[in-house]
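1. Below is the structure, and that's it, no one-letter string:
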């Protein structure tokens, strides 16, 4: 290792779960993350009907830490209530499935579009060749 | 389960270094996350360390090292021709178990140019000119990795040099070094950024109130068409009605001009607007242009995979805590 190597300092917290009391309200402290993950997770959590409150914040822009707060319905169902950690796990799975779906869509569309483009390029090359031949003929 | 949405992708135009597509049936947060990842967190290769043997050129070591870092490095998968994703083929060097460096985590590029040795081989009329050391002179030890010299054929034809120029040498000057390229992300240094441009705009929803428009004269309709600097409206030749231009999504910038002109035209302030232009909340027009290191669709796919990896990591961490 060279003496001039840059050592990246890890975030102050890697991953932490904060919150006492019933397991339906928790704050997830995630290190080395920013709005990229925070906003996406928050949006998915909000769209879950069983979640009462979901929000995220970046406590200080100089530190790469995100706080995600989740509070699920303290329902009348008792044992069937959703815990905060389960809500977050389901949100992760949902977003992963969305990404997988988009990747598949992309793969499906790409071969067609790619062939399209190559065909256009071939056409253009043929036109250029024809134009060059016509010029030669005219010169003769 | 949270409501699952099924995003759609429509590709508008595609070239090796640029892609323009429409992402729909998803939210701004996903579109923004995708954009942020494309800019900041897609791993690429770039020169990270330079070991000099000789440098008698006019630029000092660190200046040249800075320039070398910014050269886009292209990784081509075996059996492919496009600039591909290097994420699975290389390890981040901080995680590699080797002592200093190895083939798994880094690529060595060597350069050895001596003006006095090269000059006799140049054509006569060029012998008095300075010798430009370009990215073509960098020789890599990995056949799948090499610098991206040009973006496309046009740029190559326009350029005076044979690659990205690094430094110019004169008589008696010699440059010799070994550069080590490693994988990294743009968050650490902008040299690892795979894209030059990664933006998205909102799809414009243009609603034209037919009843209200029928009460307008032709001059008034022409005034509305002219009011908008983006020219997203036009008058239909046959019927004389106000109609949105076909490629309105390319030009719409959501200015206030239309609204203000309409307020002046309305008989009473509470009347409905004749034309409204709004942002769509779930349709986005993306435009991605790369630096030449990766192909545009590879950047997009890599960004999606990076997002998935983040979520998998988070899910495992949460699982561990539960236990």
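-> Sure, I can see it. Just so it is clear, the structure is predicted and the values come from calculations on it, not from any experiment. Numbers count the residues shown, from 1 in each chain, chains lettered A, B, ... in the order given.

2. Could you use CA atoms for every contact and neighbour count after this?
-> OK.

3. Okay, and the beta partners of the residue nearest to the spatial centre of chain B?
-> Centroid check for chain B by C-alpha atoms, centre = their mean gives residue B:195 as the closest residue, at 2.7 Å. Counting by DSSP bridges, residue B:195 forms beta bridges with residue B:290.

4. now residue B:132
-> Here residue B:132, judged by DSSP bridges, has bridge partners residue B:168.

5. Hmm, residue B:166 and it touching each other?
-> Yes: between residue B:132 and residue B:166 there is a contact under C-alpha atoms under 8 Å: 7.3 Å.

6. Please tell me how far residue A:128 sits from residue B:157.
-> 17 Å (C-alpha to C-alpha, to the nearest Å).

7. Residue B:264 versus residue B:16, what's the distance?
-> Distance, residue B:16 to residue B:264, by C-alpha to C-alpha: 48 Å.

8. actually residue A:110, not the one I typed
-> Distance from residue A:110 to residue B:264, by C-alpha to C-alpha: 48 Å.

9. Neighbour count for those two, which is higher?
-> residue A:110 (16 against 10; other C-alpha atoms under 10 Å in any protein chain shown).

10. Contact residues of chain A facing chain B?
-> Applying C-alpha under 8 Å from any C-alpha of the partner chain, we find that chain A lies next to chain B at A:1, A:15, A:17, A:35-37, A:39-40, A:43-45, A:47-49, A:85, A:88-96, A:98-99, A:101-103, A:105-106, A:109, A:113-114, A:117.

11. quick one: residue B:178 is in a helix?
-> No: Residue B:178 is assigned strand when assessed by DSSP: H, G, I helix; E, B strand; the rest coil, not a helix.

12. And the strands in the chain?
-> Looking at chain A here, since you left the chain open. Along chain A, counting by DSSP state E, strands occupy A:15-18, A:25-31, A:51-57, A:65-72.

13. meant chain B, my bad for not saying
-> Counting by DSSP E, the strands of chain B are B:8-15, B:18-24, B:44-55, B:73-75, B:106-114, B:131-134, B:139-140, B:145-147, B:165-169, B:174-184, B:195-208, B:233-235, B:242-244, B:275-290.

14. In contact with residue B:217, which residues?
-> Not one residue lies near residue B:217 by C-alpha atoms under 8 Å, 6 or more residues apart in numbering or on different chains.

15. Roughly how far does it sit from residue B:224?
-> 11 Å.

16. Residue A:34 too?
-> 44 Å.

17. If you count surrounding residues, which of the two has more?
-> The residue with more neighbours, out of residue A:34 and residue B:224, is residue B:224; 23 against 20, by other C-alpha under 10 Å.

18. Next, count neighbours for residue 12.
-> All of this is about chain A. Applying other C-alpha under 10 Å, we find 12 residues neighbouring residue A:12.

19. Correction: the question concerned chain B.
-> 13.

20. what's the distance between it and residue A:110?
-> For residue B:12, the distance to residue A:110 - C-alpha to C-alpha - is 11 Å.
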